[in-house]
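Participant: Curious how this folds, go ahead:
(2 chains)
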Amino acid sequence: MSESKILVDVKNLKKHFSKGKDIWGRDTDVLKAVDGVSFQIRKGETFGLVGESGSGKSTVGRCLLRLYDYTDGEVSFDGQQIGGLGEKKLKPFRRRIQSIFQDPYSSLNPGLNVLELISEPMKIHGTHQGEDRKEIIAALLEKVGLKREHLYRFPHEFSGGQRQRISIARALSVRPEFVVCDEPISALDVSVQAQVVNMLEDLQAEFGLTYLFIAHDLSMVRHISDRIGVMYAGRLVEVAESDELYENPQHPYTQALLSSILEPDPKKAGQRLSQNGYTAKRGGEGNSELREVSPGHFVADF
Amino acid sequence: MTERLLSVEDLKVSFSTRDGENQAVRGVSFHIDAGETVGIVGESGSGKSVTAKAIMSLITPPGKITSRNVNFRGENLLNLSEKQWRKLRGNQIAMVFQDPMTSLNPVKKIGQQLTEVIRRHRGLNKEAALTEAANMLRQVGISQPEQRLQQYPHEFSGGMRQRVMIAMALSCQPELLIADEPTTALDATIQAQILDLFKELKGNSHTAVALITHDLGVVAQVCTRVIVMYGGLIMEEGTVEDIFYRPQHPYTKGLLRSIPKNGGKSKERLVPIEGSPPDLLDPPPGCPFMDRCPHAFARCAERPPVFELSAGHRSMCWLADGEVSVGVEGGTFA
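Facilitator: Residues are numbered from 1 along each chain as shown, chains lettered A, B, ... in the order given. Take a look at the predicted model:
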């Protein structure tokens, strides 16, 4: 595993949002959503990112997609920096890096049918034409568990799980290498979540995809991820292989987070779920470098 | 010891829509005993929230309730006037909703909102009500309650607001608390704190709780009894041990199998329930789970009666009928 090459390399990434400006346009109040985050994602692996709302995990995802211009730091994809690139130079990367978002209701244009929805990225990137394109889309639909006859239907005719399948087909239509999955199953019913997770795993095996899997469902993240990063207040506090992280958490925040997992087993209902909350200030002056406590297991100072 | 608090008989709720009658709840019967914590689980559209709202008489047109009886302490709630309801609601039956951001009045101080309930139902004067409100906040784990009472909702975090809602609901010592997805909007560590609160509540008060959730982990943690809903009907009902260790209904089994085992430790493939829930505008006449059920057979086209497997463990499935023996694998949840 460790020999496989590094696809995404994030170094000291920062994204600050301005919350207020004075009359000269200078920032008076800055939200440090992501404040010095470094990690690497290897080709073919699933890197999970967990943390509470406001911890900055989605912002990291959006920076990797270059939906945000980040404030500082470096993101390189397959050896090339994507930070300073203009939209024109960025276009090939836009094809290679795709995304799936949480809400399958708002991420599909309600006025387009499935064929048009999935064609859109293919048109933009000029992959395949006409009948050829339609054939590929029909094949893709079958891959994600939908049918050819769904080609001319509109988003409102589908359930949440089916819409998420359409989003996945759309992301995969341009043969990406890296997919940022931001809470892809959170809006789905329990019985449907497993369908989508299994499908993501199958597609990864078939196309050699690399995933960044952002989620707050800790059991599901452990299930799907090879390695996991834990975020808190804009910083990464711990990174490790998933079983190592869950069995041997080092950082007090990770420990508090993991103790809050609800096991679906009444025998384990006896113990208290909450620990004394870990609180640290956002944007503290501390060092954001992680320390390697055992091979591959990195922890922030606390 | 077991005293019947609420019993619901054949509850049906429908909403008329442009496309027809949406039969959200299609004949649901269950009971809640004094002091117990009952989980009502189901996916979106299973009818669990609508059932709760119907009990609280919060169904408004185009919604329509048809039921024989919703009996609370010997009184049929369906026959109460709005005036009688005002006495009951908040006082004997209270409700906590999912979203603590929208259920508090943003322009009134927390203290004002809490004392309003206490003064209305318990007839205390202003000072006594404030002291009582501070006590309630302390009980739900909010520190410095006297200062907190002087603050507005926006000065509270999501988890703190949900605690305030629970404090408000408990302030009149209701006999029944209906909590609709009380932790779904909260972060994992905050959810843990609120669930610990529910656990304590179970130990030291006489309040019965109906906890509505889609999260089986939440149910396993805090409930003593579980009702599993699907397609507007109750599929299975039993103690937590019945449901988690001896599930009978294929839907319950499917739900349990579709979540990662051992907190996601095993990388073995998840077993999803294929397909999607039935359309309640035109619900199937038989078992609603028939289309997705791996064990479905001809008889499932006919709605199964409720079979009693052991005391209190009931299932609406033909396979539970002693006469039918189709090979079903052992229903233990590992």
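Participant: contacts, neighbours, all on C-alpha from now
Facilitator: Will do.
Participant: would you say residue B:61 is within a strand?
Facilitator: No. Using DSSP: H, G, I helix; E, B strand; the rest coil, the assignment for residue B:61 is coil, not a strand.
Participant: Could you measure from it over to residue B:69?
Facilitator: 20 Å (CA to CA, to the nearest Å).
Participant: what does residue A:47 give?
Facilitator: Counting by CA to CA - residue A:47 and residue B:69 are separated by 53 Å.
Participant: Which one's more surrounded, the two?
Facilitator: residue A:47 (27 against 17; other CA atoms under 10 Å in any protein chain shown).
Participant: From the contact counts, what lies against the host helix or strand of that one?
Facilitator: Per DSSP states H and E, residue A:47 falls inside strand A:46-50. Under the contact definition 3 or more CA pairs under 8 Å, 6 or more residues apart in numbering or on different chains; DSSP states H and E, strand A:46-50 sits against strand A:210-214, helix A:218-224, strand A:227-232.
Participant: Adding distance to chain B, mean pLDDT and mean neighbour count as columns, could you present the ones you listed in JSON lines?
Facilitator: Shown next, in JSON lines, are the helices and strands packed on strand A:46-50 (distance: least, CA to the nearest CA, whole Å; pLDDT from 0 to 100; neighbours: other CA atoms under 10 Å in any protein chain shown):
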{"stretch": "strand A:210-214", "distance to chain B": "14", "mean pLDDT": "96", "mean neighbour count": "25"}
{"stretch": "helix A:218-224", "distance to chain B": "4", "mean pLDDT": "90", "mean neighbour count": "23"}
{"stretch": "strand A:227-232", "distance to chain B": "12", "mean pLDDT": "95", "mean neighbour count": "24"}
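Participant: mind putting the ones you listed in a markdown table, distance to residue A:246 included?
Facilitator: Putting the helices and strands packed on strand A:46-50 into a markdown table (distance: least, CA to CA, whole Å) gives the following:
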| stretch | distance to residue A:246 |
| --- | --- |
| strand A:210-214 | 17 |
| helix A:218-224 | 8 |
| strand A:227-232 | 9 |
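Participant: Can you tell me which residues in the stretch 1-150 of chain B are near chain A?
Facilitator: B:43, B:44 (CA under 8 Å from any CA of the partner chain).
Participant: near chain B, which residues of chain A?
Facilitator: Checking chain A against chain B by CA under 8 Å from any CA, the hits are A:52-53, A:159, A:189-195, A:197-198, A:216, A:218-224, A:243, A:256-257, A:260-266, A:268-270, A:272-274, A:277.
Participant: Where helices are concerned, which of the residues you listed count?
Facilitator: The helices, defined by DSSP state H, take in A:190-195, A:197-198, A:218-224, A:243, A:256-257 from the residues of chain A next to chain B.
Participant: got any ranges where the stretch 51-200 of chain B has weak pLDDT?
Facilitator: Residue ranges of the stretch 51-200 of chain B with pLDDT under 70: B:100.
Participant: Report the buried members of the residues of chain A next to chain B.
Facilitator: A:52, A:189-195, A:197-198, A:216, A:218-224, A:243, A:256-257, A:260-266, A:269, A:272-274 (16 or more other CA atoms under 10 Å in any protein chain shown).
Participant: where do the helices sit along chain B?
Facilitator: Counting by DSSP H, the helices of chain B are B:48-55, B:82-88, B:110-122, B:126-139, B:145-149, B:158-170, B:188-204, B:216-222, B:240-245, B:250-257.
Participant: how about those helices in JSON lines, adding mean neighbour count?
Facilitator: Listed next are these as JSON lines, based on neighbours: other CA atoms under 10 Å in any protein chain shown:
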{"stretch": "helix B:48-55", "mean neighbour count": "22"}
{"stretch": "helix B:82-88", "mean neighbour count": "13"}
{"stretch": "helix B:110-122", "mean neighbour count": "20"}
{"stretch": "helix B:126-139", "mean neighbour count": "19"}
{"stretch": "helix B:145-149", "mean neighbour count": "17"}
{"stretch": "helix B:158-170", "mean neighbour count": "24"}
{"stretch": "helix B:188-204", "mean neighbour count": "20"}
{"stretch": "helix B:216-222", "mean neighbour count": "24"}
{"stretch": "helix B:240-245", "mean neighbour count": "22"}
{"stretch": "helix B:250-257", "mean neighbour count": "21"}
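Participant: Run through the residues that contact residue B:86.
Facilitator: Counting by CA atoms under 8 Å, 6 or more residues apart in numbering or on different chains, residue B:86 makes contact with nothing.
Participant: Check the burial of the nearest residue to residue B:109 once chain neighbours are set aside by counting its neighbours.
Facilitator: Distances taken as CA to CA, 6 or more residues apart in numbering or on different chains put residue B:152 closest to residue B:109, at 4.5 Å, once the chain neighbours are dropped. Residue B:152: 18 surrounding residues under other CA under 10 Å.
Participant: Surely residue B:152 touches residue B:112?
Facilitator: No. Judged on CA atoms under 8 Å, residue B:152 makes no contact with residue B:112 at a distance of 9.6 Å.
Participant: before we move on, back to that, quick check: which of the helices of chain B is nearest to residue A:141?
Facilitator: Proximity to residue A:141 (CA to CA) singles out helix B:250-257 among these, at 25.4 Å.
Participant: For the closest one, give me every contacting residue.
Facilitator: So helix B:250-257 is contacted by A:190-191, B:216, B:228, B:235-236, B:243-244, B:247, B:270-273, B:289, B:293-295, B:331, B:333 (CA under 8 Å, 6+ apart).
Participant: tell me the average confidence for that helix?
Facilitator: In this model, helix B:250-257 has a mean pLDDT of 92.
Participant: likewise stretch A:90-100?
Facilitator: 92.
Participant: List the buried residues for it?
Facilitator: Applying 16+ other CA under 10 Å to stretch A:90-100 flags A:93, A:94, A:95, A:96, A:97, A:98, A:99, A:100 as buried.
Participant: host element of the second one?
Facilitator: This points to residue A:94. Per DSSP H and E: helix A:87-96 holds residue A:94.
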